[in-house]
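Asks: fold the stuff below for me.
(one chain, ligands or ions: 2)
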Amino acid sequence: MTRRPPAVVAVLGSGSWGTTFAKVLADAGESADTQVRLWARRGEIADEINTHHTNSRYLAETVLPDNISCSTDTAAVLDGVELVVIAVPAQSLRSQLSAWKPLISPDAVVVSLMKGLEVGTDARMSQVLAEELGLPEDRIAVVSGPNLAMEIARCEPTASVVACPDAEVATWIAAACTATYFRPYTNTDVVGVEIGGIVKNVIALAVGICEGKQMGDNTKASVITRGLTETTRLAVALGGEPETMSGLAGMGDLIATCSSALSRNHTAGRLLGQGLSLDEVTAHMNQTAEGIKSAQAVLDLAHQLKVYMPITDSVVAVLQGNLSVHDLGPRLLARELKSEG
Ligand SMILES: NC(=O)C1=CN([C@@H]2O[C@H](COP(=O)(O)OP(=O)(O)OC[C@H]3O[C@@H](n4cnc5c(N)ncnc54)[C@H](O)[C@@H]3O)[C@@H](O)[C@H]2O)C=CC1
Ligand SMILES: O=C(CO)COP(=O)(O)O
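Replies: Ligands and ions are numbered 1, 2, ... in the order given. A predicted model of the protein is given here:
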């Protein structure tokens with residue numbers, strides 16, 4: 001029997017992607033009169049959304065649907081909700097879950113939109129959710145793909161992946177976020193989908209550095225391609241499927257993120273390539289570039305699993321100040337010759 005759509009959906013996190021995905025859910029559920037409750041940390045964000053149906057700090061002049069409400073009252077946002085979507089910076093997730101756990105319905109499905117590895121534990125966001133909320137894995141899902149928020153806020157068409165070990169749960173979530181401009185595919189490979197979304201941010205830093213140094217398309221294409229190779233190595237070592245990496249959550253997101261000035265990770269890399277220090281880049285960014293903090297965790301996982309990730313290794317060396325952006329290319333090119341595989 002097909003499960004009915006959720007009457008109410010909660011989205012925790014009113015940044016660019018949380019607000020945009022709330023719009024996707026609201027547009028998808030318009031005919032079913034779905035109500036989307038968005039949680040904001042700051043009252044002024046909630047007031048603007050409820051009054052003007054905009055979130056100008058993150059989405060400029062995008063007008064949000066009327067079936068989105070926003071509140072700083074987490075209990076009110078989560079009350080009785082069966083589908084909870086979380087879109088906060090990865091490094092902030094765990095510290096908030098202890099307060100959120102008693103407010104989340106015991107039968108809720110929780111979806112992560114986050115693309116980071118937790119510093120210190122190297123844990124994926126779905127793992128953090130399972131640990132802190134005590135939910136079975138078939139009630140935790142991930143959405144990831146070529147999903148630059150600003151383009152989606154403008155209703156520019158894209159596809160994405162909803163991953164959950166339970167295919168029926170993935171299908172139920174996908175139905176709840178299917179809009180005329182947003183086409184979610186389903187996958188049961190949570191590991192592969194998450195790793196694709198996490199490591200592409202690190203590769204995007206490298207491609208951004210190439211951009212900042214005004215290197216050519218051949219160079220960037222080579223970094224993107226070899227970046228997909230090392231991403232796939234890590235995903236498979238963690239139990240992911242190689243096919244997932246040639247899909248939307250792997251190659252798709254890598255292409256979008258490494259090609260777009262909208263990408264915060266690509267932008268951070270470009271600024272590094274132009275000679276800014278990491279502190280200067282961080283001060284310049286008013287949004288989250290997950291790759292900056294996740295890169296070391298990705299490399300830690302690679303070392304633990306004996307997975308060779310030379311691009312990630314070089315990005316970490318740059319971020320740590322142990323490698324100049326001018327030496328990143330030569331370091332990668334000077335390695336011993338080997339087969340492409
Ligand atoms: N923006 C995009 O195009 C996309 C972002 N994502 C992922 O979505 C996740 C959320 O990122 P964005 O919405 O882009 O971030 P953002 O930088 O646009 O907004 C961050 C949001 O988190 C809040 N925040 C910051 N620190 C916090 C803390 N310590 N506790 C609670 N909330 C805090 C901010 O107030 C803001 O509402 C990230 O993991 C990102 O990789 C995934 C796909 C697309
Ligand atoms: O994940 C994203 C696109 O799919 C957004 O990328 P950035 O976090 O680099 O902006």
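Asks: pLDDT score for the closest residue to ligand 2 within the stretch 101-250 of the chain?
Replies: For the stretch 101-250 of the chain, the residue closest to ligand 2 is N147, as judged by C-beta to the nearest ligand atom, at 4.1 Å. Bear in mind the C-beta positions are built from the backbone N, C-alpha and C, glycine included. As predicted, N147 sits at a pLDDT of 98.
Asks: quick check: it touching T158?
Replies: Yes. Between N147 and T158 there is a contact at 6.1 Å, judged by C-beta atoms under 8 Å.
Asks: neighbour count for the two, which is higher?
Replies: Using other C-beta atoms under 10 Å as the criterion, N147 and T158 rank with N147 on top: 27 against 19.
Asks: report how many residues lie close to the nearest residue to the more buried one once chain neighbours are set aside.
Replies: Using C-beta to C-beta, 6 or more residues apart in numbering and skipping the chain neighbours, the partner closest in space to N147 is S160 (5.4 Å). Neighbour count of S160, defined by other C-beta under 10 Å: 25.
Asks: list the strands paired with the helix or strand encompassing S160, with their directions.
Replies: Assessed by DSSP states H and E, S160 sits inside strand 158-163. Pairing partners of strand 158-163, with direction, according to DSSP bridges: strand 140-144 (antiparallel), strand 182-187 (parallel).
Asks: which bits of the stretch 101-250 of the chain sit near ligand 2?
Replies: K115, P146, N147, L148, N201, A204 (C-beta under 6 Å from any ligand atom).
Asks: would you confirm that the fourth one contacts D253?
Replies: No. With contact defined as C-beta under 8 Å, L148 and D253 do not form a contacting pair (9.4 Å).
Asks: who has more neighbours, those two?
Replies: Taking other C-beta under 10 Å, L148 and D253 do not tie; D253 has more neighbours (30 against 23).
Asks: helix/strand/coil for that one?
Replies: helix (DSSP: H, G, I helix; E, B strand; the rest coil).
Asks: hmm, it is touching N201, no?
Replies: No. Here D253 lies out of contact with N201, judged by C-beta under 8 Å, at a distance of 9.1 Å.
Asks: rewinding a little: so who does the residue of the stretch 101-250 of the chain closest to ligand 2 touch?
Replies: Neighbouring residues of N147 by C-beta atoms under 8 Å, 6 or more residues apart in numbering: W17, T158, S160, D253, A256.
Asks: overlap between these and the residues near ligand 1?
Replies: Restricting the contacts of N147 to those adjacent to ligand 1 (criterion: C-beta under 6 Å from any ligand atom) gives W17.
Asks: for the contacts of N147, give me JSON lines that also has distance to V63.
Replies: Listed next are those as JSON lines, based on distance: C-beta to C-beta, whole Å:
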{"residue": "W17", "distance to V63": "18"}
{"residue": "T158", "distance to V63": "19"}
{"residue": "S160", "distance to V63": "22"}
{"residue": "D253", "distance to V63": "27"}
{"residue": "A256", "distance to V63": "24"}
